[in-house]
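Q: Sequence isn't available, so here's the structure alone:
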């Protein structure tokens with residue numbers, strides 16, 4: 001009975017995790033190639049090179065990038081579900097991203113919102129990436145536990 005309960009809990013957890021990934025346009029990172037970011041390129045993926053990981057669809061610019069992702073998907077999965085890292089840190093809010101606004105830090109992919117006069121990557125860097133990352137990690141953990149961020153301050 002304990003094994004069944006554990007398996008059920010893992011399945012439910014995986015389902016909840018998959019549902020908390022930003023998938024505008026039907027794909028993680030709005031269809032941009034999450035492996036290409038690690039070569040300092042923001043490239044749109046091709047429908048010919050797609051896969052699903054954790055219930056979320058990903059597109060890649062090349063078959064090579066698809067294979068690279070499949071060999072180690074956790075390495076390339078965006079932090080904070082692919083939502084704007086700055087807004088996760090500042091307000092604990094899930095905000096869409098500009099897939100061309102990103103940062104690779106300590107081997108992890110962070111995505112940001114950038115529109116007109118709001119450049120959250122610049123704000124992230126101005127306010128201190130280490131401090132912002134700590135805040136975002138803390139807020140994201142609370143968000144995954146279903147805590148209302150307004151009540152948790």
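A: Yes, it's here. All figures in this text were calculated on a predicted structure; none of them were measured in a lab.
Q: give the contact list for the spatially most central residue of the chain.
A: For the chain, the residue nearest the mean C-alpha position is residue 82 (2.3 Å; Cα atoms, centre = their mean). Listed by Cβ atoms under 8 Å, 6 or more residues apart in numbering, the contact set of residue 82 reads 21-23, 28-29, 97, 111. Every residue, glycine included, has its C-beta placed from N, CA and C.
Q: again, but for residue 50
A: Applying Cβ under 8 Å, 6+ apart to residue 50 gives the contacts 27, 57-60, 66.
Q: sec struct for it, please.
A: For residue 50, the secondary structure call by DSSP: H, G, I helix; E, B strand; the rest coil comes out as strand.
Q: got the residue ranges for the strands in the chain?
A: Counting by DSSP state E, the chain has strands at residues 46-53, 56-60, 98-105, 108-112, 114-115, 118-119.
Q: Going by mean pLDDT, which of those comes out lowest?
A: Lowest mean pLDDT within the strands of the chain: strand 114-115, a mean of 88.
Q: strands paired with it, and their directions?
A: Strand pairing for strand 114-115, determined by DSSP bridges: strand 118-119 (antiparallel).
Q: the helices in the chain, which residues?
A: 2-19, 63-71, 73-76, 85-91, 120-127, 129-144 (DSSP state H).
Q: What residues sit buried inside the second one?
A: Residues 65-66, 68-69 are the ones in helix 63-71 that count as buried (16 or more other Cβ atoms under 10 Å).
Q: Which residues are in contact with residue 62?
A: When contacts are counted by Cβ under 8 Å, 6+ apart, residue 62 touches 33, 46, 49.
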